[in-house]
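**Q** What follows is a predicted structure for the sequence shown.
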Amino acid sequence: MAEPEAPARPLTLEEKKAQARARAKAARSAERSGETFVTMSPAAVAYVRRAATEQGRPEGVRLRILAGGCAGLEYRLDLLDPGETAAAGDREVQTAGVTMLMDLKSAIHGTGSVIDYEDGLLRRGFRINNPNATSTCSCGDSFGA
């Protein structure tokens, strides 16, 4: 995954607001056209299915993008609890029969992202390729927007 190019100078408040408006517009456009906000790779789908089966949970995850981490925003991905469904304002995405739920803020920050799962000698876990990230930390668990 290529690192986003760092801006030559810090963004002004107006530039940050413009970027936030563009992300919100892209999320609304995706929702109206029926596009998915976030997609999961076959490896990620297989891992979620396997983990859900082992823990007796439904085949699905909740994606949250929260303030925190070393780059400003961090990802949180949890298996759905038994009986958990989309709450008011949640967005629901289906990928190969696996459900992903996310709140509006997470959908806005994550629109266009691809969630992959790696299982190698050096790294094991989810890797999120987010086109909205303007910076990332070295571990890839947090990003700036």
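**A** Yes, it's here.
**Q** From residue 63, how far off is the most centrally placed residue in the chain?
**A** The residue lying closest to the centre of the chain (C-alpha atoms, centre = their mean) is residue 110, at 4.6 Å. Distance, residue 110 to residue 63, by C-beta to C-beta, to the nearest Å: 6 Å. Where C-beta positions appear, they are placed from N, C-alpha and C, glycine not excepted.
**Q** Which residues are in contact with each of these two?
**A** Shared contacts of residue 110 and residue 63, defined by C-beta atoms under 8 Å, 6 or more residues apart in numbering, are found at 38, 102.
**Q** Contacts only, for the closest residue to the residue nearest to the centre of the chain other than its chain neighbours.
**A** Distance criterion C-beta to C-beta, 6 or more residues apart in numbering; nearest residue to residue 110, sequence neighbours excluded, is residue 38 at 5.0 Å. With contact set as C-beta under 8 Å, 6+ apart, residue 38 has these partners: 63, 93, 100, 102, 107, 110-115.
**Q** do that again at 7 Å, thanks
**A** Residues in contact with residue 38 (C-beta atoms under 7 Å, 6 or more residues apart in numbering) are 63, 93, 100, 110, 113, 115.
**Q** what about residue 109, is that helix, strand or coil?
**A** helix (DSSP: H, G, I helix; E, B strand; the rest coil).
**Q** which element is residue 105 on?
**A** In the assignment (DSSP states H and E), residue 105 maps to helix 104-110.
**Q** CA atoms only for that helix - export them in PDB, please.
**A** The C-alpha trace of helix 104-110 is given here as PDB (Å, rounded to 0.1, in the frame of the first residue of the first chain):
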ATOM      1  CA  LEU A 104     -22.300   8.000   9.600                       C
ATOM      2  CA  LYS A 105     -18.900   9.500  10.800                       C
ATOM      3  CA  SER A 106     -17.200   6.200  10.000                       C
ATOM      4  CA  ALA A 107     -18.900   6.000   6.600                       C
ATOM      5  CA  ILE A 108     -17.800   9.500   5.700                       C
ATOM      6  CA  HIS A 109     -14.100   8.900   6.800                       C
ATOM      7  CA  GLY A 110     -14.100   5.400   5.300                       C
END
